[in-house]
Structure formats: structure tokens, C-alpha cells
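Trainee: how would this look folded up:
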Amino acid sequence: MRKNYLWYQFFRYGIIRPALNLFYSDITVQDRHHIPEDKPVLFVANHQNSFLDALHIVTNTRHFVHFLTRAEAFGNPILDRLFYSLNMLPVYRVRDGFGTIKRNEQIFEECYERLAQNDALLVFAEASHVMERRIRPLSKGFTRIVFGAEEKYNWDLDLQIVPVGISYGNHRKSRTPVRIAFGERVPALQYKHKYQDDEREASQQLKMEMAVRLKNLTLHIPNKKHYALYQLMLDELEPARKELLEPTLVNRRAKTINNQLNGEWVEESEFLLEKTNQHDITVHEVANPISIGLKDIVLSPFYTFSMINNALPYQLVRWLVNSYLEDEAFEASVKFLVGLMLPFYYLLIALILFLAGVSLPWIGGYVLGSLATAPLFVRGKDLLVSKLFNKKKRSTLLDNEKFAEKLEKLKNFRSKLFSQQKE
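Mentor: Reported below is the predicted structural model:
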């Protein structure tokens, strides 16, 4: 047994998986049967949401998963020890210094050894995270691992390459849906003869095949130049967030938009996105305002308790995001990490209550109530913000005739465009 086996299993199944289930409103895992249980696996995934992408994969497979992480995350002896215990391996890039690239040789050798033990390796082949709903060009690093491992073990590993598409209802918010789709695996042996004939061509073909498979597993907006129009039509104006996570549906819609592309629609979209951004609100929030239902009325006391009880951790998140976060792709990760600390925060409050002389039954009730109502904080906050702040912003924007006209025009265009499809 590996020395970190029990800790690693406890961490991913005992801590991270329950935390993810609380952080997100719904996590759908599709086609897990594509993951072979008795062979080494290389997961090739899209990368949109920082380290949360990795957590979704490692908590939904039985393999002992190792994953390559940017070397800049390492450097602190204490954190390094934690990272290694969680199977994180540093990978160096040119910007880390030309000399550091040589260290990758050692890391790759370690990857080969792990795969030889029938472990799994997770690689984000886009090489960086960007909150765009598209598959960016893949780097050749993962192909080097595939062919390097098979060569080292005389093509006896039977390494399986499994593409993974991760889709988010909202990249930056909690209590939104997520979908993890595992694609059909590709045996490395399939490329053996091609690799032996032409290494570069084999690498290129494998990259292309993985790119195609990833584009079928999540929404891929094909035209980056006109991204604003796709963002508006497929994302911002979509009231049902779960539909956004259905790749067959949204990719068919993306093709329909592509066939109707023109400069006018792009300019209209850019105008709406720019105006809403100036007012610190999204087009989605303007076009689909939050409505209060009977369930919200019944739960309103619990919303109130949760908002008051979690006000301090929420302010901590806001301070971290506004003061130190340069990359918005880390926002959800910061929220998740602070959320992991909430039980300790509740216990600290419980200790204060105990020292203040509050009886144990009341303290126990507080802790249990805090844990039970924590997931309600987001809905309560959204209702409060929607009614106190966003309502005024929406009115200001909709009172602008030009904005209101363009919004209605694009909503009608979207409705007409998609109603022509047989869904």
C-alpha cells in the first residue's frame, strides 16, 4: 500500500466529494463506464475553472490519480509536502526559466512509473485555464507522456486515454449545476505503428483526435472572434442553466448561430455585454430576474439566519477576491476553500458561546443549524441583492431605449433561431 493511500482516499472521498456536493446545486457524471478499472489511464480534460476541474475528476474515479500542476504553485516546504501527498506533480514551462524545463524529465519519468502501477494521470492539455466555453488548441505535452510511457515499457502498458469534458452552469458562482462527461477511451496501442513511422505525425494526430472528442463533450464555441454573440445567445440569454450543460444541444445551437453570423448581431451583443458590465450586472440577470416563490417565503427565516451567520466568511471571500485575485478563474476556488473552513468557523463560534455560558443543547443546535442552512446562503444573498441592488440596475438599463430595444431584438432572434431546430 502506498504511504499516502489512506490520507488520499479520505481527503478526496471524505472531505472533497461531500464539500463539492454542498458547493454545487447538482453534479451530473456521465459515462463513467468508459474508465477501465484494470488498466493505466491518462485523463485529458478541458480546463476552465482552476483546480476545481481536477477535484471533479479525482472524486469521480476509483483510480489513484496523479495530476500535473503548474510549478509556480510549489516552493513552500509545508505546502509542497501537502501537494505531494495529494499526488500533485509540478510541471515546468519556458516562462519558469529555461533551466527548469530539464526538471520535467524527472517528472515525466515519475509519471511513467505511476502509469506502470495501473494508476491514472490527469493532464489539462490546453496548458492553462480560461473561463471560455470553447476548447483551445492542445499542447503536445500529453502525447509525449503517452508515447514516452509506452516506449519505456515496450508498448506493454496498454495505456488508455480518456477525454473528459467539464461544463459549468456558472463558472464563478456556487450552488449552480456542473456536468462531468467521460468520453470513449483511446488505446495508445492504436498509435503504435504511426508513432514508429513518424513521431511528429503521430503526436499531431493524437492531439487532433482528443480535441475533436473534447469538443463533443462540452460546449465548444467555434468562432473566438465573434465570441460575444455566442456568449449572449448560448449563455447569457439561457434561462435554464442545465440546458447549457448539454453538449449535443448547445453545440447544435452554436452551429446554427455560426450559419447566421453577421456584423450587426455581433455589434449588438458587444453593446449589451459592455453596458451590463459597466453597471456590474450580467445580461442574464437583466433578462432573467430572480422571482420569489412559495418555497422562498417558507425558507425566508432560514435564509436570514444563514446570511447573518455567514456574513463574516462572506466578507472574507469578498476581500480576498477584490484585493488579491487577479485571475477571475480562481474566484470559485477561493469560495470553495473558504467553504471548507466553515465547520471550523462554526466550532469557533460554538466555543465562544460555551465560554459565554450558553448551554450545550443550544450550542449543539447552533452547530447543526449552521451546517444545515449553509447551502441556503447563496439563494438568500441572491434574493437580497436582486431586490435591493439589481432591481435598480435593471430599471436603469431597461429605461435606456437603445439597450432595451437591442435586448428585445436579440431575445426574439434567439427564440426564432432555436425554435427552428428539432430539439
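
Trainee: ok, the closest residue in space to Ala188 that isn't next to it in sequence - contacts?
Mentor: Closest residue in space to Ala188, ignoring its immediate chain neighbours: Leu159 at 4.2 Å, by C-beta to C-beta, 6 or more residues apart in numbering. To be clear about C-beta, it is placed using only N, CA and C from the backbone, and glycine gets the same treatment. When the contact criterion is C-beta atoms under 8 Å, 6 or more residues apart in numbering, the partners of Leu159 are Lys39, Pro40, Val41, Leu42, Leu115, Val146, Ala149, Glu150, Pro187, Ala188.

Trainee: what packs against the helix or strand harbouring the fourth one?
Mentor: Following DSSP states H and E, the helix or strand that holds Leu42 is strand 41-45. For strand 41-45, the packing partners by 3 or more C-beta pairs under 8 Å, 6 or more residues apart in numbering; DSSP states H and E come out as helix 52-58, strand 120-124, helix 141-152, strand 160-168, helix 199-217.

Trainee: if we go to 6 Å?
Mentor: strand 120-124, strand 160-168 (3 or more C-beta pairs under 6 Å, 6 or more residues apart in numbering; DSSP states H and E).

Trainee: so the shortest one versus strand 41-45, what angle?
Mentor: This points to strand 120-124. Between strand 120-124 and strand 41-45, the angle comes out at 20 degrees (axes from the mean of the first three to the mean of the last three C-alpha atoms, to 10 degrees).

Trainee: Kindly format the C-alpha coordinates of strand 120-124 as CSV.
Mentor: C-alpha atoms of strand 120-124 as CSV (Å, rounded to 0.1, in the frame of the first residue of the first chain):
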residue,chain,number,x,y,z
ALA,A,120,-4.1,7.3,-13.6
LEU,A,121,-2.6,10.6,-14.7
LEU,A,122,-4.7,13.8,-15.2
VAL,A,123,-3.5,16.3,-17.8
PHE,A,124,-5.1,19.6,-18.8
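
Trainee: which residues of this structure score low on pLDDT?
Mentor: Within the chain, the segments meeting pLDDT under 70 span 1, 93-101, 420-423.

Trainee: most centrally placed residue in it?
Mentor: Asn49 (3.8 Å; C-alpha atoms, centre = their mean).

Trainee: Just say helix, strand or coil for that residue.
Mentor: For Asn49, the reduced secondary structure class is coil; criterion used: DSSP: H, G, I helix; E, B strand; the rest coil.

Trainee: what number of residues lie near the closest residue to it other than its chain neighbours?
Mentor: Computed as C-beta to C-beta, 6+ apart, the closest residue to Asn49 that is not its neighbour in sequence is His171, at 5.2 Å. Residues contacting His171 under the criterion other C-beta atoms under 10 Å number 20.

Trainee: Wait, His171 touches His47, no?
Mentor: No. His171 lies out of contact with His47 (C-beta atoms under 6 Å); the separation is 11.6 Å.

Trainee: quick one: secondary structure of the residue sitting furthest away from the middle of the chain?
Mentor: Centroid-distance maximum for the chain: Gly357 at 43.9 Å, with C-alpha atoms, centre = their mean. Secondary structure state of Gly357, per three-state DSSP, is coil.

Trainee: quick one: it from Leu79, how far?
Mentor: 40 Å (C-beta to C-beta, to the nearest Å).

Trainee: just Phe330 next, same as before
Mentor: 16 Å.

Trainee: what about those two, which has more around it?
Mentor: Neighbours were counted for Phe330 and for Leu79 using other C-beta under 10 Å; Phe330 has more, 20 against 12.

Trainee: Which residues are in contact with the more buried one?
Mentor: Ser50 (C-beta atoms under 6 Å, 6 or more residues apart in numbering).

Trainee: Can you tell me the SS state at it?
Mentor: Phe330 is classified as helix under three-state DSSP.

Trainee: What of Phe344?
Mentor: Under three-state DSSP, Phe344 comes out as helix.

Trainee: one step back: can you give me phi and psi for the residue nearest to Asn49?
Mentor: Dihedral pair for His171: phi -60, psi -30, per degrees, to the nearest 10.

Trainee: Give me the distance between it and Asn46.
Mentor: Plainly put, His171 is 12 Å away from Asn46 if you go by C-beta to C-beta.

Trainee: number of nearby residues for the residue nearest to Leu206 when sequence neighbours are not counted?
Mentor: Among residues not flanking Leu206 along the chain, Thr143 sits closest, at 5.0 Å (C-beta to C-beta, 6+ apart). Neighbour count for Thr143, taken as other C-beta under 10 Å: 27.
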